[in-house]
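Trainee: Structure for the following, please:
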Amino acid sequence: SLVGSEMCIRDRIRSCIGGYKMAITKNRQSEETISSMAKMAFPDKQIAEIRELTEGMCNVTYAITFKDGSESILKIAAKDRRGNTSNEVNLMQAEINAMKLVAENCSFKVADVQYYDTGNTICDGNYFFMEKLEGDNFFLVKDGMSEEEIATIDTEIGKISQELSNIQNSEFGFLGEDTRYDSLFKFVKQMLENLISDAQKRGIDIIYDEQTFLNKLENDKSAFETIHNASLVHWDMWEGNVFIKDGHVSGIIDWERALWGEPFMDDRFRIHNRGKHFLEGFGQTSFSEDELKRLRWYDIILYLTMMIEVFYREFDDKGQYFWAREMLEQVCK
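Mentor: As a prediction, the model looks like this:
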């Protein structure tokens, strides 16, 4: 069942946290370097505590507490692209761009960016400091919540996805690069080709050969032709990227994979995570045949991504690969 799949991936994530901590994209820095970075961003403040936040799966993040009692979150990009797939393009700039768009156009909360440095003079990766959002990580507290409380949060996430869909662009593409596509199909095809190429470079078994994937996508091309405008898509709005406070969503984090695409491309629409309360909040609980075809391709792209990134990030635990492989097999049937 879909509920069973959701529980499975949550258990899988919990068991893999140790492997995620060691991802090669986590560009950890010494306390001395972090202190220098903070001095540049906040010249009038002194650090009281530096604490790494270990829940993230890609970039390293630190919670900084200052002696005046104020707090900030420091996020540091990888120093090179070795651990990134081809669809992960200039992730930190993408995140900055997305948060700016949301802050200017949406009612829900994103963190204010306090300082952004791409000079690489203090640190060997780009980094930014941002406001610390109020509340708790939904993923970490969900087990202790009632069904009614969870339903409320899921409904609000659906409304947030709907609000995001109102931020539109005439072309499709990743926020972190200038390349744009004049059709949704061209963009999705490029994402798929990138994943296939990434798998081939590392000898990763993705079940089907390149031509099988591309021929099947070509057969469904007409299903994409009714989408003419791109919407801002978070892409990764799973519960670990949602903050909650007093029973409501207090903010959304991790916009690094944001793109101009179709709202259905977000993680919340994936077959293992497509809950009824989210769909009710989004305002759509049933789908046309063409929409189901597009949803299936977005499923395929996510599960391929999850399979491939295990090897690019060099996770010790390969459980995510095998879970995503099983999901890919189900979708492709």
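Trainee: Tell me where the model's unsure across the stretch 51-200 of the chain.
Mentor: Scanning the stretch 51-200 of the chain for pLDDT under 70 picks out no residues.
Trainee: mind listing the strands in it by residue range?
Mentor: For the stretch 51-200 of the chain, the strands defined by DSSP state E, counting those that start in this stretch occupy 60-66, 71-76, 113-117, 127-130, 136-137, 168-169, 173-174.
Trainee: looking at these, which is closest to residue 231?
Mentor: Closest approach to residue 231 among those is made by strand 168-169 (5.4 Å; Cβ to Cβ). Just so you know, the C-beta spots here come from the backbone N, C-alpha and C atoms, and that holds for glycine as well.
Trainee: Output the longest helix belonging to this structure.
Mentor: Longest helix in the chain by number of residues, with DSSP state H as the criterion: helix 289-312.
Trainee: one step back: how about the strands of the stretch 51-200 of the chain in CSV, adding mean neighbour count and distance to residue 83?
Mentor: Formatted as CSV, the strands of the stretch 51-200 of the chain follow (neighbours: other Cβ atoms under 10 Å; distance: least, Cβ to Cβ, whole Å):
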stretch, mean neighbour count, distance to residue 83
strand 60-66, 19, 12
strand 71-76, 21, 13
strand 113-117, 16, 21
strand 127-130, 24, 16
strand 136-137, 16, 23
strand 168-169, 14, 29
strand 173-174, 23, 17
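Trainee: Same list (those strands) but as TSV, adding distance to residue 237.
Mentor: Shown next, in TSV, are the strands of the stretch 51-200 of the chain (distance: least, Cβ to Cβ, whole Å):
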stretch	distance to residue 237
strand 60-66	17
strand 71-76	18
strand 113-117	19
strand 127-130	18
strand 136-137	13
strand 168-169	18
strand 173-174	17
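Trainee: just to revisit the earlier point, for the record, mean pLDDT for the longest helix of the chain?
Mentor: Mean pLDDT, helix 289-312: 98.
Trainee: Now do the helix or strand immediately after it in the chain against helix 289-312, angle only.
Mentor: Toward the C-terminus, helix 289-312 is succeeded by helix 319-332 as the next helix or strand (DSSP states H and E). Angle, helix 319-332 to helix 289-312, by axes from the mean of the first three to the mean of the last three Cα atoms, to 10 degrees: 160 degrees.
Trainee: Which helix or strand contains the residue of the chain positioned farthest from its centre?
Mentor: Note on the chain: the largest C-alpha distance from the chain mean falls to residue 44, namely 33.6 Å (Cα atoms, centre = their mean). Here residue 44, judged by DSSP H and E, is contained in no helix and no strand.
Trainee: mind checking how far the closest residue to residue 314 other than its chain neighbours is from residue 218?
Mentor: Closest residue to residue 314 apart from its sequence neighbours, by Cβ to Cβ, 6 or more residues apart in numbering: residue 24 at 4.9 Å. Between residue 24 and residue 218 the distance is 35 Å, computed by Cβ to Cβ, to the nearest Å.
Trainee: for residue 34, same thing?
Mentor: When residue 34 is compared with residue 218 (using Cβ to Cβ), they lie 49 Å apart.
Trainee: now residue 81
Mentor: As for residue 81, its distance to residue 218 is 29 Å (criterion: Cβ to Cβ).
Trainee: Over to residue 31?
Mentor: 53 Å.
Trainee: pretty sure residue 87 is in contact with residue 305, am I right?
Mentor: Yes - using Cβ atoms under 8 Å, residue 87 makes contact with residue 305 at a distance of 6.9 Å.
Trainee: Now do the shared contacts for those two.
Mentor: residue 195 (Cβ atoms under 8 Å, 6 or more residues apart in numbering).
Trainee: number of nearby residues for residue 118?
Mentor: Using other Cβ atoms under 10 Å, residue 118 has 13 other residues around it.
Trainee: Quick check: it touching residue 124?
Mentor: No - using Cβ under 8 Å, residue 118 is not in contact with residue 124, being 11.8 Å away.
Trainee: Common neighbours of these two, please.
Mentor: With Cβ under 8 Å, 6+ apart, residue 118 and residue 124 have no common neighbours.
Trainee: out of residue 24 and residue 218, which sits in the busier spot?
Mentor: residue 24 (15 against 10).
Trainee: Let me see the contact set for the more buried one.
Mentor: Counted by Cβ under 8 Å, 6+ apart, residue 24 has contacts 78, 82-83, 313-314.
Trainee: and which of the residues you listed is nearest to residue 155?
Mentor: Once Cβ to Cβ is applied, the member of the contacts of residue 24 that ends up nearest residue 155 is residue 313, at 32.7 Å.
Trainee: do you know how far that closest one is from residue 74?
Mentor: For residue 313, the distance to residue 74 - Cβ to Cβ - is 20 Å.
Trainee: residue contacts, the residue nearest to residue 324 when sequence neighbours are not counted?
Mentor: With Cβ to Cβ, 6+ apart as the criterion, residue 324 has its nearest non-adjacent residue at 3.7 Å, and that residue is residue 306. Residue 306 makes contact with 320-321, 323-324, according to Cβ under 8 Å, 6+ apart.
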